[in-house]
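[1] Below are the sequence and a predicted model for it; my questions follow.
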Amino acid sequence: MAAEAQATATGGLAGEMEVEAYRRLFPLAFLERHLRESVRPDARRPAEARPTTVALAAVSSAHGSALVRLGDTAMLASIKLEVMSPSGEAPDEGSIAVEFHMPPICSPLVRPGRPAEVAPVISKNLEDILMSSGMLNLKELCLISGKASWLAYLDVYCLNADGSLFDAALISAVAAFTHLEIPLVSVGDDGRVFTVGGNEGKAKYELVNREKRKLTITNVPFSLTCALHKDNVLADPTAEEESIIETSVTIVLDSSDQIVSIQKPGGAVTSMTTIKECISLAKDRRRKLREILMDNVEAMEVDQTD
Amino acid sequence: MAATAMDHDGGEVVTPGELLGNSSLLAGLGAYADGRCVRASITGHRRLVPPPPGSTDQRSTVEVVGHKAHGAVPQPGSVVIARVTKVMARMASADIMCVDSKAVKEKFTGMIRQQDVRATEIDKVDMFQSYRPGDIVRALLSLGDARAYYLSTAQNELGVVSAQSITGGTLVPISWTEMQCELTGQIEQRKVAKEATIGILDKR
Amino acid sequence: MSAAATAGTYSPASSAGEKRRERKEELRRHLAEDADWPRADGRSFHDCRPAFMQTGPTTAASGSAYAEFGKTKVIVSVFGPRESKKAMLYSDTGRLNCNVSYTTFATPIRGQGTDNKEYSAMLHKALEGAVMLHTFPKTTVDVFALVLESGGSDLPIIISCASLALADAGIMMYDLVTSVSVSCFGKNIIIDPTSDEEAWQDGSLMVAYMPARKEITQLTLTGEWSDGKITNAVELCMDACSKLCDILRERLKDASSLAE
């Protein structure tokens, strides 16, 4: 009986092979067949980014948070403030500490105890971009010059990894800083800072930061990653596309379309024309992302005035 | 239970643990017998299958047809498609990509041992004249040891179904031991599967 | 406090700290002595928080589920059956591997216990008896939980969420497993406690249960309990587990009809 089953199984295999099996065995050929028709496996056009949503105040245990979805990629960014003693070199500045996490829930490639290799790279890039874009004024994180300032812990968790992780992480980080609400604080006799809540408290204690509840966010950086395959520029690649195509470029632009950074980690040689095409796509994308973020901030403010 | 009324695909949706009937029914796929009753083990539609004509057991079988069964798991006797990753003197290792023509979500590691390459003269098999890294192979699976699944190609229909030559051209089978490069005409040795095609591949 | 001080930074305490302690004492007295005093979130003693559950948040996994009970928020992803990573002896049955971790911001003080070994082991014990391990020989099913925000009754919520994720992945099971815990305050028992209530409880009891088969897969008990109260508490948990399981079944049926 087993032999009979084998014969029919092998016979059936020669006749028809499922599309999914073909996709798995010959990923490059599968992708190229699509690209010849100027369409991607998920039915997008080459230059099209995936639908993007932002939800502010995703967790209540943080001072600022945002959940971002970029297609199936999901990022949860959270900011917690702690009090620190500023360094001697910058007595009137606070600081930020950025960490990007890829927990085992987000991808079949991550296992507990064995962190993903890309996570520290994305952490470093995020921190560099947030600092070098001039989005934050660290002086606004100062409480008492030379004595106390805020250290903002930014933790970004990837909840579902389906490509373009850096782009999604940056949107979530920016959104979380937009949402950040700094608690009102006062200083006790022991020199320690404590939070003041309620109207009674506001009258009773001498407040340190009555005016500094929201950060002024001036120069917002947004990024677009493009995968480059032969003559094709694929904006906002999925995990499957990233696994097939080795070459990619990430462009980061600030609010005035100035280039904050261009990264092309290895891969094939790329022409300047292609890079220019990517920059132009990144400009369109930046405007779109700014709209999405502003819509959410406004919706949030309307909610609060109700 | 009005079991007889459910004899079609659109049966009610059940979830793991839910009661499907009593011991007047046999447990089929997605169901299990639990003492005197039959319960569902996956989410899906409840379906009744009448006993085959002439069967001694006159009981119907109740099964659950899942909307989302888990990915294929290699079972002894499965026909798999694997990509050769490494060839050594006594064995070749391969990543199992499809089980019974279904793509697996994550690859499983298989191993083709020297004695399992072909059915005859098994002691004279030269692994390097049989497989090359990158070859796509059709093979029969047995559970193997703790590390890997054993794969056998000791049947006419089994062996290399798709391969590239050293120069990168497509190899076309010319006998059950030889394949020829489309670009250069050079001949390479392989354990070739009869009907060395897998459907869609021809249309590439 | 001392740990935070050595790190060089600290979370500022609240000015209302003194008053909150008084209020805690008052609430504690009510919970322990009164009949059915409304709890801080307005629930009565035997009310669970509204349970929001959903399948499929993680598309990269074979199956997944999200659970939100009040402030407690959990995601569970299930991977496999896939190749076992750990070198192990040949086995005819499959292996279930569980891991529970917390985000750095899940708890009031940043970064407390990101990897929870105790919960990982307890999750494994609660689910093991429900999963048909023989249906995926030699392979492993990985169940990974991430607590986004800790708001009390974390472990029971992780267990229920994991069982929904396993069913979503199409892993064969004898039954769904749901779990509920209770806290004991003096003569009273309150169900589905929040973090605050857990912090001041006299004892706690947690039941993981297969409602269709009426079998308990796990029971843990801490603190001081009298025999009569244990029976009462277990029955309370089992009843709540059955109701929670109905919600899980509804979610699975919704997902099934959506897929068509």
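    Thanks, I have it.
[2] make it CA atoms for all contacts and neighbour counts henceforth
    Fine.
[3] Show the contacting residues for residue 106.
    In the absence of a named chain, this looks at chain A. By C-alpha atoms under 8 Å, 6 or more residues apart in numbering or on different chains, the residues touching A:Cys106 are A:Cys158, A:Leu159, A:Asn160, A:Ala161, C:Thr58, C:Ala60, C:Ala61, C:Ser77.
[4] oops, I was thinking of chain C
    A:Ser61, C:Val147, C:Leu148, C:Glu149, C:Ser150.
[5] and the two most separated of those residues?
    A:Ser61 and C:Val147 (12.0 Å; C-alpha to C-alpha).
[6] Those two: which has the busier surroundings?
    With neighbours defined as other C-alpha atoms under 10 Å in any protein chain shown, A:Ser61 and C:Val147 compare such that C:Val147 has more, 25 against 22.
[7] which SSE is the closest residue to A:Ala55 other than its chain neighbours in?
    Using C-alpha to C-alpha, 6 or more residues apart in numbering or on different chains and skipping the chain neighbours, the partner closest in space to A:Ala55 is A:Leu67 (5.1 Å). Per DSSP states H and E: A:Leu67 is located in strand A:64-70.
[8] how about low-confidence regions in the chain?
    In the absence of a named chain, chain A is used. Residue ranges of chain A with pLDDT under 70: A:1-17, A:198-202, A:212, A:303-306.
[9] could you do chain C instead?
    In the predicted model of chain C, residues C:1-7, C:16-23, C:34-37, C:86-90, C:113, C:260 satisfy pLDDT under 70.
[10] how close does the residue of it found nearest chain B sit to A:Glu211?
    As assessed by C-alpha to the nearest C-alpha, chain B sits closest to C:Asp175 within chain C, at 3.8 Å. C:Asp175 sits 57 Å away from A:Glu211, going by C-alpha to C-alpha, to the nearest Å.
[11] Could you pull out the strands in the stretch 1-150 of chain A for me?
    Applying DSSP state E, counting those that start in this stretch to the stretch 1-150 of chain A gives strands spanning A:52-56, A:64-70, A:73-84, A:95-101, A:142-144, A:148-160.
[12] Repeat that for the stretch 151-300 of chain A.
    Using DSSP E, counting those that start in this stretch, strands in the stretch 151-300 of chain A cover A:185-187, A:193-195, A:222-229, A:232-235, A:247-253, A:259-263.
[13] ok, the residue lying closest to B:Arg36 once chain neighbours are set aside - contacts?
    Among residues not flanking B:Arg36 along the chain, B:Ser23 sits closest, at 5.2 Å (C-alpha to C-alpha, 6+ apart). B:Ser23 makes contacts with B:Ala33, B:Arg36, B:Cys37, B:Val38, as judged by C-alpha under 8 Å, 6+ apart.
[14] which residues in the stretch 151-260 of chain C form strands?
    Using DSSP E, counting those that start in this stretch, the strands found in the stretch 151-260 of chain C span residues C:178-185, C:188-191, C:203-210, C:215-223.
[15] would you list the contacts of B:Ser23 in JSON lines and tack on neighbour count?
    Shown next, in JSON lines, are the contacts of B:Ser23 (neighbours: other C-alpha atoms under 10 Å in any protein chain shown):
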{"residue": "B:Ala33", "neighbour count": "18"}
{"residue": "B:Arg36", "neighbour count": "10"}
{"residue": "B:Cys37", "neighbour count": "16"}
{"residue": "B:Val38", "neighbour count": "25"}
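[16] quick one on the thing from earlier: for C:Thr114, find the nearest of the strands of the stretch 1-150 of chain A.
    That would be strand A:95-101 among the strands of the stretch 1-150 of chain A, by C-alpha to C-alpha, at 11.4 Å.
[17] residues making contact with the closest one?
    With C-alpha under 8 Å, 6+ apart, strand A:95-101 has contacts from A:119-120, A:122-124, A:126-127, A:138, A:141, A:149-158.
[18] Okay, angle between that strand and strand A:148-160 too, please.
    20 degrees (axes from the mean of the first three to the mean of the last three C-alpha atoms, to 10 degrees).
[19] now strand A:95-101, how far from the chain's geometric center?
    Strand A:95-101 sits 12 Å away from the centroid of its parent chain (C-alpha atoms, centre = their mean, to the nearest Å).
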